[in-house]
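Chemist: 3D model of this:
(one chain, ligands or ions: 1)
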Amino acid sequence: MLTYFGLHALQHRGQEGAGIACADDRDIVCRKGCGLLTEVFHSGNLEDLQGHSCIGHVRYATAGGSELENVQPLVARSFLGSVAVVHNGQIVNAPELRRELEERGSIFRGTSDSEIILHLIQGGSGSLLEKITAACRCLEGAFSFLILTEKNLYAIRDKYGIRPLSIGRTSSGNWCVSSETCAFSVINASFVRDVEPGEIVKFTQSGAESHFYTEDCDHRLCSMEYIYFSRPDSTLEGRSVHAVRKESGRMLARQENAHEFADIVVGVPDSSLSAAMGYSEESGLPQEMGLIKNKYTGRTFIQPTQKLRDLGVQMKLSANQPVVKGKRIVLIDDSIVRGTTSRRIISLLRTAGAKEIHVRIAAPEMKYPCFYGVDTSTRRELASANYPTEELCRKLGADSLRFLTEEQLRTACGGAHFCQACFSGNYVTPLYSYKKALEKA
Ligand code: SF4
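Modeler: Okay, here's the model as predicted:
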């Protein structure tokens, strides 16, 4: 049940599938399905998921489709025992590795890149830790893995720490590992520490052991985790997501005198509300609830097709007419990806009578696709890759448009190193065959 509640707190990270696998010393039992966690699990099918350790996953597909065979955990069974894996991120040399593995006789069940780790482990030699270490050395890209065997649990983070992974502990002493710390509070667990880039933490009945699969490590956490992905009550590598977003909003406000051109600040719920708060506090303009979110629809960006995303925006947001009518608005949003959501929101506010709409984005211009687990697709689809700011502003129907600079984002995040490749094009790793896709796009 703890895994179920933890996953519930992480539902914002993926809504296409959910699954839980449990180990009980003799076997691994796995249950999964397509859809939201509450659609896949109910009291009737949770009760028999018992064991000393469990892993769970909510799926957001970036490599491989949304079909059931790609929903995680993925489980491999052999005469050596069962192994289950969950993966957050994207392996950029997956097509090359898959071809090599298939040539050597591996048969893949699905199309997701995550299955590769299971085949690499199965083809390895030595202890399981040695097999995992060797497998990780073959992988390039973003990966936070949990690997469950009948006896032990392993938590692994790629050598750049592109995706987050944190360790917590419940009051009764049970270890827990999560992509975000917001899952710990739900199960009354306390944050212990982050899994370090390049680290393999092995949890056994007697404790936690730390190993590294490489010494060539760096900290390059995805900056979009702060901007968009993570919940504001999570802390990533020691920084509160809410505090980073608020500081981004403050920085946007410092660039201009908002009193000269606006009456109120409106944040796009939910992920832009912290930045709107920062802008409001810095500028002195009141923050108003100009947009209302229907909480029972999913996130539009994390939906697999444009048609679903368009429908999602329509169902999700409404303009609060009494608040916005006749007002000059500073509209704070966390990012512009394809521009369709922003255009729709601006149109909603205009229809509700807003006099002027000045869009401020709490992120730099997104000009390059992500190959590390965020589905921003090709350059052709990215609004900022195709239009200069002025032209994009006109296309969106806004009165003005400004973005945060990369330097400001770095400062808001505390000045440390981050991946900012979708803004700069400076990718943290080689891209292998994805480079061709980038050149063609
Ligand atoms: S490219 Fe962008 S979205 Fe992808 S990992 Fe880097 S910062 Fe995050």
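
Chemist: tell me the bridge partners for S240.
Modeler: Bridge pairing for S240 (DSSP bridges) gives the partners T235.

Chemist: pLDDT wise, what is D113 at?
Modeler: D113 is assigned a predicted lDDT (pLDDT) of 87.

Chemist: right, I mislabeled it, should have said R220
Modeler: pLDDT for R220: 96.

Chemist: and H8, by the same measure?
Modeler: For H8, the model assigns a pLDDT of 96.

Chemist: three-state assignment of it?
Modeler: helix (DSSP: H, G, I helix; E, B strand; the rest coil).

Chemist: that one: neighbouring residues, count only.
Modeler: H8 has 18 neighbours, counted by other CB atoms under 10 Å. Bear in mind the C-beta positions are built from the backbone N, C-alpha and C, glycine included.

Chemist: now it. Nearest residue, chain neighbours left out?
Modeler: Nearest residue to H8 in three dimensions, chain neighbours excluded: L37, at 5.9 Å (CB to CB, 6 or more residues apart in numbering).

Chemist: how much space separates the spatially most central residue of the chain from S78?
Modeler: Nearest residue to the geometric centre of the chain (CA atoms, centre = their mean): F229, 4.4 Å. F229 sits 35 Å away from S78, going by CB to CB, to the nearest Å.

Chemist: just to revisit the earlier point, surely the residue nearest to the centre of the chain touches V374?
Modeler: Yes: F229 is within contact range of V374, at 7.3 Å (criterion: CB atoms under 8 Å).

Chemist: overlap in contacts, those two.
Modeler: Shared contacts of F229 and V374, defined by CB atoms under 8 Å, 6 or more residues apart in numbering, comprise C222.

Chemist: now do the contacts for N257.
Modeler: Counting by CB under 8 Å, 6+ apart, N257 makes contact with S283.

Chemist: was I right to think R328 contacts D263?
Modeler: Yes: using CB under 8 Å, R328 is in contact with D263, at 4.8 Å.

Chemist: could you list the domains of this structure?
Modeler: 2-218, 240-418 (automatic domain parsing).

Chemist: check contacts around the residue nearest to R328 when sequence neighbours are not counted.
Modeler: Spatially, and ignoring its direct neighbours in sequence, R328 is nearest to E356 (4.1 Å; CB to CB, 6+ apart). For E356, the contact set (CB under 8 Å, 6+ apart) comprises F261, A262, R328, I329, D399.

Chemist: let's have the residues you listed in a markdown table, adding distance to the ligand.
Modeler: Shown next, in a markdown table, are the contacts of E356 (distance: CB to the nearest ligand atom, whole Å):
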| residue | distance to the ligand |
| --- | --- |
| F261 | 31 |
| A262 | 30 |
| R328 | 32 |
| I329 | 28 |
| D399 | 28 |
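
Chemist: which pLDDT value belongs to G373?
Modeler: So, for G373, pLDDT stands at 90.

Chemist: surely G353 touches V324?
Modeler: Yes: using CB under 8 Å, G353 is in contact with V324, at 6.4 Å.

Chemist: which one's more surrounded, these two?
Modeler: Neighbour totals were compared for G353 and V324, and V324 leads with 27 against 14 (other CB under 10 Å).

Chemist: where along the stretch 201-350 of the chain do the strands fall?
Modeler: Using DSSP state E, counting those that start in this stretch, the strands found in the stretch 201-350 of the chain span residues 207-212, 221-222, 235-236, 239-240, 264-267, 291-293, 317-319, 328-333.

Chemist: deepest-packed of those strands, please.
Modeler: strand 264-267 (a mean of 27; mean count of other CB atoms under 10 Å).

Chemist: got the residues of the stretch 101-250 of the chain near the ligand?
Modeler: Taking CB under 6 Å from any ligand atom as the criterion, the stretch 101-250 of the chain approaches the ligand at residues I162, C222, S223, M224.

Chemist: gap between the third one and L236?
Modeler: When you say that, I think you mean S223. From S223 over to L236 (counting by CB to CB), the distance is 10 Å.

Chemist: again, but for L148
Modeler: Remark: distance between L148 and L236 (CB to CB) = 24 Å.

Chemist: swap in M277?
Modeler: Applying CB to CB to M277 and L236 gives a distance of 19 Å.

Chemist: longest strand in this structure, by residue count?
Modeler: Assignment by DSSP state E gives strand 81-91 as the longest strand of the chain.

Chemist: for it, what is the distance to the chain centroid?
Modeler: 16 Å (CA atoms, centre = their mean, to the nearest Å).
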